[in-house]
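Engineer: When you get a sec, could you give me coordinates for this:
(one chain, ligands or ions: 2)
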Amino acid sequence: MDKKIDFLMDDAIRLIKESDNILIASHVQPDGDSIGSILALGMAIEKLKGKVRILKVDDIPSDYQFLPNIELIKEFDDENIDLFIALDCGDMERLGSGKKLALKAKQIVNIDHHITNDNFGDLNIVSPSSAATGELVYKIIKKMDVQIDKNIATCLYTAISTDTGSFMYSNTTYKTHLIVAELLKIGININDININIYQSRSMERTKLFLDSLDTLEILLDDKVAIVTTTQDMLESNDAKLEDTEGIISFVRDIDTVEVACLLKEIDESEVKVSIRSKKAIDVSKICNKFNGGGHIRAAGCTIYGSIKEAKKLILKEIEMAFR
Ligand code: 5GP
Ligand code: MN
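Structural biologist: Ligands and ions are numbered 1, 2, ... in the order given. Got it, this is the predicted structure:
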């Protein structure tokens, strides 16, 4: 971790120690890194100061309900906030309903690893070389001198494992493994955690997966794969948007594919887009064109239009990226 990040973390810890009303939050459509990170930091701050609040900005996917102290994530509308800590959030819009509380807070600390982060905080700890926000939270908790117990370690492991594709993606470094080695030393049960995260797919999700894969199109000399999940598919399978988890990685894993794209219909005039790549294409740049963002190999955006329109627009940008 570079010196600058180290100093910024000292500043953040000073703010945490000085502030009375602290609110922690992350992004809408939360993933393992965002939920694991807010819970881990929340538990650590609670140990340090006796109280903390973790804001619920969206429903928690079933995958993460097993995490310890998940019930700490709640809705709050108290506007008396001294310090707002945003984790894993590339920009303020990603906070959803949390944005209005962030704007009312005396100070915002923005802790993130997205390359597209727009530094919206008063203090910005943005480290694109970190595989997960969970790595940054691990480092802050160590610096705070709070002991990492099994509950905190379980949340950090979940954060790091999910954002690295189980330590497979190119963002994984030796530092990732050193951190995870420390977490294992604390005695977490990775078999239980991994069954909860990766081996508990519901039948509804499985059927949604099959329906979505049925829409698979392979384009641009087999280098691009695109799939769609519609509201009809969600309804007929009694599934939720969160149940699209896993579809895009399956499509990306086709041998010839460099860029995989999943179009998730929100309604007839809004589509949430997820993009992944393997080696060559920076998908964060593609999503940036639609006011989205993310990482080089995993990014997302929202396109306002029908599925057909969204497909046309995104494919045009993907095609340009190959030139
Ligand atoms: P996913 O496709 O799993 O929703 O997201 C992939 C990555 O892109 C994640 O790191 C996520 O935080 C980021 N991302 C997804 N959608 C958006 C968006 O609309 N705006 C920004 N800034 N980042 C996004
Ligand atoms: Mn993340």
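Engineer: Tell me who's in contact with Ile24.
Structural biologist: Ile38, Leu41, Gly42, Ile45, Val52, Arg53, Ile54, Leu55, Ile85, Leu87 (C-beta atoms under 8 Å, 6 or more residues apart in numbering). Bear in mind the C-beta positions are built from the backbone N, C-alpha and C, glycine included.
Engineer: just curious, which of those residues is nearest to Ile73?
Structural biologist: Ile54 (4.8 Å; C-beta to C-beta).
Engineer: For the closest one, which three-state class applies?
Structural biologist: What DSSP: H, G, I helix; E, B strand; the rest coil gives for Ile54 is strand.
Engineer: Spatially, what comes nearest to it if we skip its sequence neighbours?
Structural biologist: In space, Ile54 comes closest to Gly42 once its chain neighbours are excluded; the distance is 4.3 Å by C-beta to C-beta, 6 or more residues apart in numbering.
Engineer: so that neighbour is in which element?
Structural biologist: Using DSSP states H and E, Gly42 sits within helix 32-49.
Engineer: hmm, that helix in reach of ligand 1?
Structural biologist: No. Helix 32-49 is not in contact with ligand 1 by C-beta under 6 Å from any ligand atom; minimum separation 7.5 Å.
Engineer: And that helix, how far out from the chain middle?
Structural biologist: 15 Å (C-alpha atoms, centre = their mean, to the nearest Å).
Engineer: What distance do you get for Leu15 to Leu8?
Structural biologist: 11 Å (C-beta to C-beta, to the nearest Å).
Engineer: overlap in contacts of those two?
Structural biologist: Leu123.
Engineer: what kind of secondary structure is Glu235 in?
Structural biologist: Strictly by three-state DSSP, Glu235 counts as helix.
Engineer: from the stretch 201-323 of the chain, which residue is nearest to ligand 2?
Structural biologist: Across the stretch 201-323 of the chain, no residue is closer to ligand 2 than His295, which sits at 7.9 Å (C-beta to the ion).
Engineer: right, and that residue touches Asn117 too?
Structural biologist: No. Using C-beta atoms under 8 Å, His295 is not in contact with Asn117, being 10.6 Å away.
Engineer: buried sites along the host helix or strand of Tyr138?
Structural biologist: Following DSSP H and E, one finds Tyr138 within helix 133-144. Residues Thr133, Gly134, Glu135, Leu136, Val137, Tyr138, Lys139, Ile140, Ile141, Met144 are the ones in helix 133-144 that count as buried (16 or more other C-beta atoms under 10 Å).
Engineer: and that helix, average pLDDT?
Structural biologist: For helix 133-144, the mean pLDDT works out to 98.
Engineer: quick one: that helix to helix 32-49, angle?
Structural biologist: 10 degrees (axes from the mean of the first three to the mean of the last three C-alpha atoms, to 10 degrees).
Engineer: what packs against helix 133-144?
Structural biologist: Packing partners of helix 133-144 (3 or more C-beta pairs under 8 Å, 6 or more residues apart in numbering; DSSP states H and E): helix 3-18, helix 32-49, strand 107-112, helix 150-163, helix 174-185.
Engineer: Just put the ones you listed in CSV and tack on mean neighbour count.
Structural biologist: Below are the helices and strands packed on helix 133-144 laid out as CSV (neighbours: other C-beta atoms under 10 Å):
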stretch, mean neighbour count
helix 3-18, 15
helix 32-49, 25
strand 107-112, 25
helix 150-163, 25
helix 174-185, 15
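Engineer: Can you lay out these as TSV showing mean pLDDT?
Structural biologist: Below are the helices and strands packed on helix 133-144 laid out as TSV (pLDDT from 0 to 100):
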stretch	mean pLDDT
helix 3-18	96
helix 32-49	98
strand 107-112	98
helix 150-163	98
helix 174-185	98
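Engineer: List phi and psi for whichever residue of the stretch 51-200 of the chain sits closest to ligand 1.
Structural biologist: Closest residue of the stretch 51-200 of the chain to ligand 1, C-beta to the nearest ligand atom: Gly90 (3.4 Å). When read as degrees, to the nearest 10, the backbone of Gly90 gives phi -70, psi -30.
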